[in-house]
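Enquirer: Got a sequence here, can you model it:
(one chain, ligands or ions: 1)
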Amino acid sequence: MTKYYAEPFKIKMVEPIKILTKEERIEKIKNANYNVFSLDSDDVYIDLLTDSGTGAMSANQWAGIMVGDEAYSGSRSYKNLMISAKDIFGYEYFQPVHQGRAAEKVVMPIFLKEGKVAISNMHFDTTRAHVELAGARAIDCVIKEALDTVNYHPFKGNMDNERLEKLIQEYGAENVGMIIITVTNNSAGGQPVSMENIKQTSEIAKKYDIPVCIDAARYAENAYFIKMREEGFADKSIKDIAKEMFSYADVFTMSAKKDAIINMGGLIGVKNDKDLYETVKARTIPYEGFVSYGGLSGRDIEAMAIGLQEGTDFDYLQYRIGQMEYLAGKLDEAGIAYQSPVGGHAVFLDAKHLLPHIPYYEFPAQALAIELYIEAGIRSCDIGSYMMGNDPDTGEQIESEFEFTRLAVPRRVYTQSHLDVIVEALKAIKERRDSLKGYRITWEPKVLRHFTSKLEPIK
Ligand SMILES: *Cc1c(COP(=O)(O)O)cnc(C)c1O
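Expert: Sure, this is the predicted structure:
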């Protein structure tokens, strides 16, 4: 039995959610052309589409919203954000922006241009997009253990530092514009990166004089994993661990919609390079607005200042990551495979394992996502061949290495009972898995098809 760490909060305000009948859900998903992105959120019972911007703010954050200072310049909320961010990251300079990709838009072109490459443990999709928009190329360099969904490794998000050094020599140090460490490694399933690994990457970067950027969306969840799994950190505070992590980088870009538990916001941090900070400011003003608000309202900045701190609370993180571990434990008991060990913000169900009779070109992970909706009104999404799309050269369906159905868990939103509903739904699906059919696409756009394409079940 996996322990459930009870919520370290009580509930003052509730948001009703609707439970449709199974017949209604069958109708709704058909009308949505079997695309979960086309469902109305009102027709979803438990929404696990993403953990981004979907968290619940605290009473303190809502109070902060009321006292947020909307002054164009010299705002008190901006000052509070500077104090809060410095306390956690230890950097000299910070720039708020409207979300993570805005931070990338401001920062990436400073370091990257045509002919350069960025090397990362794994680029998140918007990060990759901004590397490419700057004219550069993005290279992923995660350890090979990340691709093994079964065997245990405490830090599957790690950079393959041996390969990193080879890549630097291959491309020439002068052509590597930056090294990006994504914590936790989102695309590898929210897998953490160890302190030792970050330190090693930083040493290699120093040796070749390449700047290091942390993609910091899940800074607190990564620090929690270091505390729990890495030798020498058990007695350190989450904030001390975070400070050490960031000490090995020069700059960070952050989506505050994740660990900072706000619905919209982002942040850039510059360790101590005054010239770099001036460039960041100069690029922020035309894109995002004046330095003291960066595309956000003063109230959002106030909520970010508070959320950054709340995200580092140990009891909260134990409950938060505990939810994933609880889900994983229940799946183990039920014999349902997932990427193991679970990461910090999501459980990636192994649809290939559950539905071996559905081939990749009939989208097993999408079939499972649809079935979860029909069974219990749970919205998840495909991270597999359906999302991969077609080879741009041949037009043929690419076979993804994995067929994952992702259950991303919003912060402070769902309770243990909701998690039990998810497990019961999966057990019921497992019982009748042989009857599940694959899907075919009847219409698709040229790029990013998973958001809008239309599907039908194969008879
Ligand atoms: C969400 C995310 C981003 C992009 O942030 P947005 O706020 O969605 O623009 C970048 N990197 C990582 C690792 C993320 O998880």
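Enquirer: When you work out contacts or count neighbours from here on, use the C-alpha atoms and nothing else.
Expert: Fine.
Enquirer: What ranges does the protein have for its strands?
Expert: Secondary structure of the chain (DSSP state E): strands at 46-47, 93-97, 117-120, 137-140, 176-182, 212-215, 251-255, 266-270, 346-350, 378-379, 381-383, 404-408, 439-443, 454-457.
Enquirer: Restricting the selection to alpha carbons, write the fifth one to CSV.
Expert: Coordinates of the C-alpha atoms in strand 176-182 are reproduced here as CSV (Å, rounded to 0.1, in the frame of the first residue of the first chain):
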residue,chain,number,x,y,z
VAL,A,176,27.5,26.1,-29.1
GLY,A,177,25.5,29.2,-28.1
MET,A,178,24.2,27.8,-24.9
ILE,A,179,23.6,24.7,-22.8
ILE,A,180,20.1,24.4,-21.4
ILE,A,181,19.3,22.3,-18.4
THR,A,182,15.6,21.6,-18.1
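Enquirer: ok, the closest residue to residue 348 other than its chain neighbours - how many residues close by?
Expert: Spatial nearest neighbour of residue 348, chain neighbours left out: residue 406 (4.5 Å); criterion: Cα to Cα, 6 or more residues apart in numbering. Number of residues near residue 406 (other Cα atoms under 10 Å) recorded here: 28.
Enquirer: can you redo the strands of the chain as JSON lines with mean pLDDT and distance to the ligand?
Expert: Formatted as JSON lines, the strands of the chain follow (pLDDT from 0 to 100; distance: least, Cα to the nearest ligand atom, whole Å):
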{"stretch": "strand 46-47", "mean pLDDT": "98", "distance to the ligand": "17"}
{"stretch": "strand 93-97", "mean pLDDT": "98", "distance to the ligand": "10"}
{"stretch": "strand 117-120", "mean pLDDT": "98", "distance to the ligand": "11"}
{"stretch": "strand 137-140", "mean pLDDT": "95", "distance to the ligand": "13"}
{"stretch": "strand 176-182", "mean pLDDT": "98", "distance to the ligand": "6"}
{"stretch": "strand 212-215", "mean pLDDT": "98", "distance to the ligand": "6"}
{"stretch": "strand 251-255", "mean pLDDT": "98", "distance to the ligand": "4"}
{"stretch": "strand 266-270", "mean pLDDT": "98", "distance to the ligand": "6"}
{"stretch": "strand 346-350", "mean pLDDT": "96", "distance to the ligand": "12"}
{"stretch": "strand 378-379", "mean pLDDT": "98", "distance to the ligand": "18"}
{"stretch": "strand 381-383", "mean pLDDT": "94", "distance to the ligand": "15"}
{"stretch": "strand 404-408", "mean pLDDT": "97", "distance to the ligand": "11"}
{"stretch": "strand 439-443", "mean pLDDT": "96", "distance to the ligand": "27"}
{"stretch": "strand 454-457", "mean pLDDT": "97", "distance to the ligand": "24"}
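Enquirer: didn't residue 341 look like it was pressed against residue 155?
Expert: No. Using Cα atoms under 8 Å as the test, residue 341 is too far from residue 155 to be in contact (9.4 Å).
Enquirer: between those two, which one's more packed in?
Expert: Each of residue 341 and residue 155 has its neighbours counted (other Cα under 10 Å); residue 155 has more, 25 against 20.
Enquirer: how much space between that one and the ligand?
Expert: Distance from residue 155 to the ligand, counting by Cα to the nearest ligand atom, to the nearest Å: 16 Å.
Enquirer: wait, that residue sits on residue 193?
Expert: Yes. Look at residue 155 against residue 193 with Cα under 8 Å: they come within range, at 5.3 Å.
Enquirer: Nearest spatial neighbour of the spatially most central residue of the chain, chain-adjacent residues omitted?
Expert: Residue closest to the mean C-alpha point of the chain, counted by Cα atoms, centre = their mean, is residue 186 at 4.5 Å. Spatial nearest neighbour of residue 186, chain neighbours left out: residue 124 (6.6 Å); criterion: Cα to Cα, 6+ apart.
Enquirer: Now do the contacts for the one you found.
Expert: By Cα atoms under 8 Å, 6 or more residues apart in numbering, residue 124 lies in contact with 182, 186-187.
Enquirer: quick one: it from residue 319, how far?
Expert: 26 Å (Cα to Cα, to the nearest Å).
Enquirer: Ok, residue 57 next?
Expert: Distance, residue 57 to residue 319, by Cα to Cα: 16 Å.
Enquirer: and if you look at residue 104?
Expert: According to Cα to Cα, residue 104 stands 30 Å off from residue 319.
Enquirer: before we move on, what about residue 300?
Expert: Separation of residue 300 from residue 319 (Cα to Cα) stands at 25 Å.
Enquirer: quick one, which of these two is more surrounded?
Expert: Remark: of residue 300 and residue 319, residue 300 carries more neighbours, 26 against 19, as counted by other Cα under 10 Å.
Enquirer: residues contacting the more buried one?
Expert: 65, 68, 262, 264-265.
Enquirer: Next: residue 317.
Expert: So residue 317 contacts 220-221, 224, 311 (Cα under 8 Å, 6+ apart).
Enquirer: buried subset of the residues you listed?
Expert: Taking 16 or more other Cα atoms under 10 Å as the criterion, what is buried in those is 220-221, 224, 311.
Enquirer: Is it possible to get JSON lines of those that adds pLDDT and distance to residue 272?
Expert: Formatted as JSON lines, the buried ones among the contacts of residue 317 follow (pLDDT from 0 to 100; distance: Cα to Cα, whole Å):
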{"residue": "220", "pLDDT": "98", "distance to residue 272": "22"}
{"residue": "221", "pLDDT": "98", "distance to residue 272": "25"}
{"residue": "224", "pLDDT": "98", "distance to residue 272": "26"}
{"residue": "311", "pLDDT": "98", "distance to residue 272": "24"}
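Enquirer: Any residues of the stretch 51-200 of the chain in contact with the ligand? List them.
Expert: With the criterion set to Cα under 6 Å from any ligand atom, the stretch 51-200 of the chain comes near the ligand through 99-101, 124, 126-127, 182, 186.
Enquirer: and if we set it to 5 Å?
Expert: Residues of the stretch 51-200 of the chain found near the ligand (Cα under 5 Å from any ligand atom) are 99-101.
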